[in-house]
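Asker: what would the 3D arrangement of this be:
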Amino acid sequence: MGKKTPGNKKSKAAEDAEFDALLQQLTTKSERETPPEPVVTKAEVKKNRENRRLDLVRARKQDCYFETLRLKYKETLKLSPTEPHRAVRAEAWYNLGDTLSDRETTQVGNEHYTKQQCYAQTLTLFPKDAKLWYKLGYSMDSFAEKVQVGTQSYTKRQCWLEALTLNPKMAEAWTSLGAEIDWGETEQVGTRIYTRLQCFEEALTLNPKMAEAWYNLGNSLGFGKSAQVGTQSYTQRQCYEEALTLNQDPNPTIAATWSNLGATLGVGETARVGNQSYTTEQCCNKALILMKNFIKPPYTNSKVAAMWCNLGKVLGVGETTQVDNQFYTKQQCYVQALTVHHRHTDAWYNLGTSLGVGETAQIDSQSYTNVQCYVQALTLNPKYAEAWYNLGWTLSLGEWVSLGSGGQPYTQRQCFLQAQALDPKLVCPSSLSTWD
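Answerer: Sure, this is the predicted structure:
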């Protein structure tokens, strides 16, 4: 192609008209009907126009790049499937899968293939590739999804098991497998049985720099328990400290880690992250501020509710804490938790404990007494022993409540009996057996 001359160069007005026509084709009907945001100056109009033009150019270049790659790989797949071309075909299937987004498909011959099916084609040719088994599992949307490799179907979990059978030193696969194993469940890798916690221990023994594995290991530990990583033992708090020392990038998992770290601290205790110490209140504040960057109003996330609840627990009566330039009392933290997530059992219980006789808290334009808070907690979880116990002390003789409309009525005595049946350690009134 020859070099352009000034004579065939388009004018600026012609380029603008062509660009406007292209934008009009790409803009959806709903976008055209939406009134444009008010713009203050001509400079801003020009800047916005240039930004949209650049975005369009980038998108078209990327589409062209991936389409060129796909055509190249499809041409490769037309080769004979005989042994000399097996490695070439496998690489083409693998690379073709890499060019596809999660829900995108591409046509090869008369068949359409997803990203996962392209990887499966590679594994049909080279079934001993541990990294590819891991990548196939990681690319699958849900735990129930299955992908056909040869004559057998595989779930995410089975893909990771295949990866670890081929390469037991793959730390990422141990982390993914651990996250898939339920509490109390086990999985066999090779000749050994592993629990959820042991998978994370294996992952971190192989690679102690994995923040996600430290977070999951912390979540797998109960109060007072410890895990063995290499030759050293770690408590739940230490696991969260390790996770945050390695990674403080703003994301929901890191926000949850800060919240969980705060929950491990007692009164006057601090956690060490890097070279800085943090109290429970500071951990919960960091968690809330981080999570708000990812969840926009109306907040309907149980993790955010748990963070507000944890923050309320560490405040004493009359104390306040500051979140986003606003101060909150203990009671207001629980109200925030329930405004975020109305079915948070622990928040209902703690709000009940924070209310005195005759006091109410307002949630979504409705007022709740301490009795009503306990009833809400027990409606969500009838096996909440402490809620039954507190409800018993809150009710007067002869007074009763029911869980839900038309539910069984419970007197003060019956509440104490429910609490003792669930937790015999709870000390109920000694005269309980003589009550009507």
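Asker: in this structure, which helix or strand is least confident?
Answerer: One helix or strand of the chain scores below all others by mean pLDDT, DSSP states H and E: helix 29-33, with a mean of 44.
Asker: do you have the strands of the stretch 51-200 of the chain handy? List them.
Answerer: 105-108, 111-114, 147-149, 152-154, 186-189, 192-195 (DSSP state E, counting those that start in this stretch).
Asker: partner strands of the third one and their direction?
Answerer: Its sheet considered, strand 147-149 pairs with strand 152-154 (antiparallel) by DSSP bridges.
Asker: residues contacting the partner strand, please?
Answerer: With C-beta atoms under 8 Å, 6 or more residues apart in numbering as the test, strand 152-154 has contacts from L136, G137, K146, V147, Q148, E162. Just so you know, the C-beta spots here come from the backbone N, C-alpha and C atoms, and that holds for glycine as well.
Asker: follow-up on the earlier one: deepest of the strands of the stretch 51-200 of the chain, which one?
Answerer: Mean neighbour count, computed with mean count of other C-beta atoms under 10 Å, is highest for strand 147-149 among the strands of the stretch 51-200 of the chain, reaching a mean of 19.
Asker: and that strand, what's its mean pLDDT?
Answerer: Averaging pLDDT along strand 147-149 gives 92.
Asker: which residues touch that strand?
Answerer: Applying C-beta under 8 Å, 6+ apart, the external contacts of strand 147-149 come out as Q116, Q117, Y119, A120, L123, T124, P127, L136, M140, S153, Y154, C159.
Asker: OK, contacts around the fourth one?
Answerer: Translated: A120. Contacts of A120 by C-beta under 8 Å, 6+ apart are L136, V147, Q148, V149.
Asker: go on, the third one?
Answerer: Shown in contact with Y119 (C-beta under 8 Å, 6+ apart): W93, Y94, G97, L132, K135, L136, S139, V147.
Asker: so what does E104 look like in phi/psi?
Answerer: phi -90, psi 150 (degrees, to the nearest 10).
Asker: now E201
Answerer: Per degrees, to the nearest 10, the backbone of E201 is at phi -60, psi -40.
Asker: just checking, it touches G230?
Answerer: No - E201 lies out of contact with G230 (C-beta atoms under 8 Å); the separation is 9.0 Å.
Asker: quick one: which of the two has more around it?
Answerer: Neighbour count, other C-beta atoms under 10 Å: between E201 and G230, E201 has more, with 21 against 11.
Asker: where are the low-confidence patches of the stretch 301-436 of the chain?
Answerer: The model of the stretch 301-436 of the chain has pLDDT under 70 over residues 301, 430-436.
Asker: how about the helices in it?
Answerer: For the stretch 301-436 of the chain, the helices defined by DSSP state H, counting those that start in this stretch occupy 302-314, 330-340, 345-354, 370-380, 385-394, 412-422.
Asker: who touches stretch 418-426?
Answerer: Here stretch 418-426 makes contact (C-beta under 8 Å, 6+ apart) with K383, Y384, A385, E386, W388, Y389, G392, Y410, C428.
Asker: now that stretch, how far from the centre of its chain.
Answerer: 35 Å (C-alpha atoms, centre = their mean, to the nearest Å).
Asker: with just CA atoms, put that stretch into CSV.
Answerer: Output in CSV follows, covering the C-alpha atoms of stretch 418-426 (Å, rounded to 0.1, in the frame of the first residue of the first chain):
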residue,chain,number,x,y,z
GLN,A,418,-35.3,-24.2,75.9
ALA,A,419,-32.0,-22.5,76.9
GLN,A,420,-31.0,-25.2,79.3
ALA,A,421,-31.9,-28.0,76.8
LEU,A,422,-29.6,-26.3,74.2
ASP,A,423,-26.8,-25.4,76.7
PRO,A,424,-26.8,-27.0,80.2
LYS,A,425,-24.1,-24.6,81.3
LEU,A,426,-26.5,-21.7,81.3
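Asker: for that stretch, buried residues please.
Answerer: Q418, A419, Q420, L422, L426 (16 or more other C-beta atoms under 10 Å).
Asker: ditto for stretch 347-361
Answerer: So stretch 347-361, judged by 16+ other C-beta under 10 Å, has buried residues A347, W348, Y349, N350, L351, G352, T353, S354, L355, A361.
Asker: report the contact partners of the second one.
Answerer: Same thing as W348. W348 sits next to L338, C373, Y374, Q376, A377, L380 when contact means C-beta under 8 Å, 6+ apart.
Asker: ok, and the most crowded of those residues?
Answerer: Y374 (30 neighbours).
Asker: nearest residue to it in space, please, no chain neighbours.
Answerer: L391 (4.1 Å; C-beta to C-beta, 6 or more residues apart in numbering).
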